[in-house]
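> turn this into a structure:
(one chain, ligands or ions: 1)
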Amino acid sequence: MLNYDTIFNFDKNLIEKLWDIGCDLFFQESLARHVNFRLGGDVPLFIIPNSLDGFLETIKLLRDSRIDYRILGRGTNILPTDNEKEFVVVSTERIDDISLEGETLTVSAGTSFKSLCLFAMKHSLSGLEKAFGLPGSVGGAVYMNAGCYGWETAENLVSISVFDGKKVLHLSPTEAEFGYRSSLFKKEKSLIILSATFKLVQGDKEDIQMLMIDTMRKRYEKQPLEYPSAGSVFKRPKPDFYVGTAIESLGLKGYMIGGAQVSEKHAGFIINKNNATASDVLKLIDYIKTKVRESYNVELETEIEIW
Ligand SMILES: Cc1cc2nc3c(=O)[nH]c(=O)nc-3n(C[C@H](O)[C@H](O)[C@H](O)COP(=O)(O)OP(=O)(O)OC[C@H]3O[C@@H](n4cnc5c(N)ncnc54)[C@H](O)[C@@H]3O)c2cc1C
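Numbering: from 1, shown residues only. Got it, this is the predicted structure:
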């Protein structure tokens with residue numbers, strides 16, 4: 001079992017090296033503090049590098065020490081189980097800058113998608129309006145090709161810089177194998193997204209703003225943003241099958257197991273209504289899957305990641 005003691009035992013220098021390169025370290029850290037669902041067990045070590053160099057160094061050190069690690073963006077698509085984890089977490093939250101050249105933006109992986117949309121709007125750049133309100137980081141959005149309202153991340157991308165543990169590579173969108181809520185990065189866990197380059201077009205600032213406000217209004221109207229969640233729980237199994245509508249048709253809106261509830265506002269969301277555990281959420285996921293299978297003969301797959 002990997003825990004505070006075994007980290008020290010495994011490589012007594014590791015912690016000091018991480019401190020030396022300027023990381024903030026948190027021991028026996030609850031993931032509930034870092035994921036939008038506000039639940040889940042502890043990790044033995046939670047690492048926040050303060051620079052891109054520190055981030056790369058951290059990954060190298062963990063690989064050299066053969067310590068299992070996971071990358072966390074803003075934790076808006078993750079359901080951590082309740083048990084203690086046997087991996088450490090490296091957060092990208094402080095790897096967050098944006099540079100602009102003409103209509104091309106290069107954005108570090110930890111930048112929040114909201115900041116990116118606001119930056120684009122300030123510079124009258126159009127293309128990301130429908131993404132305004134997408135929670136999470138740019139790295140997280142690229143990883144799963146996040147999408148909404150007919151837009152998806154891959155649409156505006158021209159290249160992605162990634163770290164393979166030894167060197168930095170630049171991939172084209174084709175090389176990144178984007179599909180519906182999928183990418184190469186979901187298969188090749190060793191590839192870490194460092195930044196993404198988006199090509200936008202000049203637009204009218206007021207029009208951009210109006211569209212952004214309209215998108216945000218839709219989210220507030222349709223989504224239970226007042227509760228902790230990880231967004232839509234399930235992938236759409238086929239283009240014409242709307243999971244939320246199907247769950248609603250089964251009378252499951254508001255259905256609760258423990259503290260987890262099928263949102264009354266949007267049946268595709270499970271919310272942490274009342275101090276839910278991950279186990280409550282997992283039981284509710286299974287229950288919904290069974291009901292949908294029985295009624296629609298459709299096998300649902302989760303869009304959220306279970307850690
Ligand atoms: C209220 C709400 C609404 C949502 N609406 C939408 C929506 O409309 N459309 C949609 O697609 N999603 C939606 N989501 C889900 C989620 O916000 C997106 O998937 C988001 O892009 C995840 O980003 P993140 O930074 O939070 O990723 P995290 O949850 O932190 O991580 C998700 C995965 O990405 C990996 N990852 C993160 N950063 C990197 C990196 N730099 N390199 C390699 N891997 C990385 C992580 O290891 C993990 O496997 C919603 C979520 C919530 C809570």
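
> hey, let's count contacts and neighbours off CA atoms from now on
OK.

> what's in contact with stretch 154-170?
Here stretch 154-170 makes contact (CA atoms under 8 Å, 6 or more residues apart in numbering) with 56, 59-60, 63, 127-128, 142, 145, 171-173, 178, 190-200.

> which ones among those also lie next to the ligand?
Residues of the contacts of stretch 154-170 in contact with the ligand (CA under 6 Å from any ligand atom): 192-194.

> whichever of these end up buried, select them in PyMOL.
Those of these that count as buried under 16 or more other CA atoms under 10 Å are selected in PyMOL with:
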select buried, resi 192+193+194
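
> filter the ones next to the ligand among the contacts of stretch 154-170 down to the ones in helices?
Per DSSP state H, helices hold no members of these.

> how is the protein partitioned into domains?
As given by automatic domain parsing, the domain ranges for the chain are 4-91, 98-207, 226-306.

> touching the ligand at all, the shortest one?
Yes - figure legend: domain 226-306 in contact with the ligand (CA under 6 Å from any ligand atom); contacting residues 229-231.

> just the pLDDT for the closest residue in space to Ile59 that isn't next to it in sequence.
Sequence neighbours aside, Gly165 is the residue nearest to Ile59 in space, at 6.8 Å (criterion: CA to CA, 6 or more residues apart in numbering). pLDDT, Gly165: 90.

> I'd like the ones next to the ligand among the contacts of stretch 154-170 as a markdown table, with distance to Arg70 appended.
Listed next are these as a markdown table, based on distance: CA to CA, whole Å:
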| residue | distance to Arg70 |
| --- | --- |
| Ile192 | 10 |
| Ile193 | 12 |
| Leu194 | 14 |
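
> including pLDDT, could the ones next to the ligand among the contacts of stretch 154-170 go into JSON lines?
Output for these, formatted as JSON lines (pLDDT from 0 to 100):
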{"residue": "Ile192", "pLDDT": "98"}
{"residue": "Ile193", "pLDDT": "98"}
{"residue": "Leu194", "pLDDT": "98"}
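
> reformat the domains of the chain as JSON lines; add distance to Met216.
Formatted as JSON lines, those follow (distance: least, CA to CA, whole Å):
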{"stretch": "domain 4-91", "distance to Met216": "17"}
{"stretch": "domain 98-207", "distance to Met216": "6"}
{"stretch": "domain 226-306", "distance to Met216": "14"}
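
> Arg217 is nearest to which of these?
Of all the domains of the chain, the one in closest proximity to Arg217, counting by CA to CA, is domain 98-207 (9.3 Å).

> thanks again, I'm all set now.
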